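S.K.: Starting from these lines, generate the structure:
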Amino acid sequence: MAGISAESRTVLVVDDDMVLAALMRPTLETASRAVRVAPTWAEAQALIATIEPLVIVLDLVLPDTDGRNAIIQLRETPATARTPIVVVSGILGDAPHAECLALGANAYVVKPFQPSVLAKAVDDAVRAAASAPPVVSSAAPTTAAVSGAPAPVLLAEDDTVVATLVVERLKRAGMEVVHCVTGTDAVAVIETRAFACAILDIKLPGADGFAVLAAIRGGEVNRSTPVAMLTAMGQEKDVTRGFELGADDYIVKPFSPRELTARVQRLIGRAGAR
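M.R.: As a prediction, the model looks like this:
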């Protein structure tokens, strides 16, 4: 038990910048709290399998994954569903900050940071987790579970390979997928039936993804339907514009099919719980 208690006082820093990670150590380490560093998400997962971190300090740009996908994995895994997560990133702007918090992070600290700011964010996250009430059930019902029918998802994507991958994975997860190759087709479809979720590529023939999103939010049938935008890595201006137009999430290409499925399920469950 003593070993378990000691490991539970571990701060896990997931960051491939070893110089910065070394600078974090004196800020986060105390007489009763150790710091472990993982430069990749794979190494972090290996450590998490053997210890119970007190808090995870996570960079968004890792060699082997997008940090947002790591947040989803942590929140979807029972052992880490409530582990505090403090994102430390050089990505500026309200959009990534808001998205990380929406996905389940507890705080977002911008690099370069003041040591006192990081220390306070970590301490606040740990205190909040310790005082949080027990979770009875974190699973929100999906549209399929409520209605007994597959949840209908609109996919607007002109890349055949990407579309095939998404359709196949969502169907395996019990959803019905309506695939449109052009934005013009997607705009026409959204007024014909209600969808549980929409996934919109930004670059589409005809109307682009932003135009489709605007049509969804301005229409009657799917005005409140959750929407996830597909965008290329590093296109922060696209993310910001998508949120301004009413998007609920964005998925960075290239993406993990499992993570995409998890995000869609989360959006559908959140909408069904309203």
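S.K.: And the protein, what are its domain boundaries?
M.R.: Under the assignment automatic domain parsing, the domains of the chain span 2-131, 143-272.
S.K.: Adding mean pLDDT and mean neighbour count as columns, could you present those in a markdown table?
M.R.: Backbone N, C-alpha and C define where each C-beta goes, glycine included. What follows is these, written out as a markdown table (pLDDT from 0 to 100; neighbours: other Cβ atoms under 10 Å):
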| stretch | mean pLDDT | mean neighbour count |
| --- | --- | --- |
| domain 2-131 | 87 | 17 |
| domain 143-272 | 87 | 19 |
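S.K.: Which stretches in the chain count as strands?
M.R.: 10-14, 34-38, 55-58, 61-62, 65-66, 85-89, 107-110, 151-156, 175-180, 197-201, 227-232, 249-253 (DSSP state E).
S.K.: which residues sit against the third one?
M.R.: So the one you mean is strand 55-58. Contact with strand 55-58 is made by 11-15, 24, 28, 44, 67, 70-71, 74, 80, 83-88, 105, 118, 122, 125-126, 129, as judged by Cβ atoms under 8 Å, 6 or more residues apart in numbering.
S.K.: repeat for the last one
M.R.: Counting contacts by Cβ under 8 Å, 6+ apart, the residues outside strand 249-253 that touch it are 66, 68, 95, 99, 102, 162, 199, 226-233, 238-239, 242-243, 259-260, 263, 267.
S.K.: Assess the claim that residue 183 and residue 156 are in contact.
M.R.: Yes. Using Cβ atoms under 8 Å, residue 183 is in contact with residue 156, at 6.1 Å.
S.K.: what residues are shared contacts of those two?
M.R.: The contact sets of residue 183 and residue 156 overlap at 204, 209, 212 (Cβ under 8 Å, 6+ apart).
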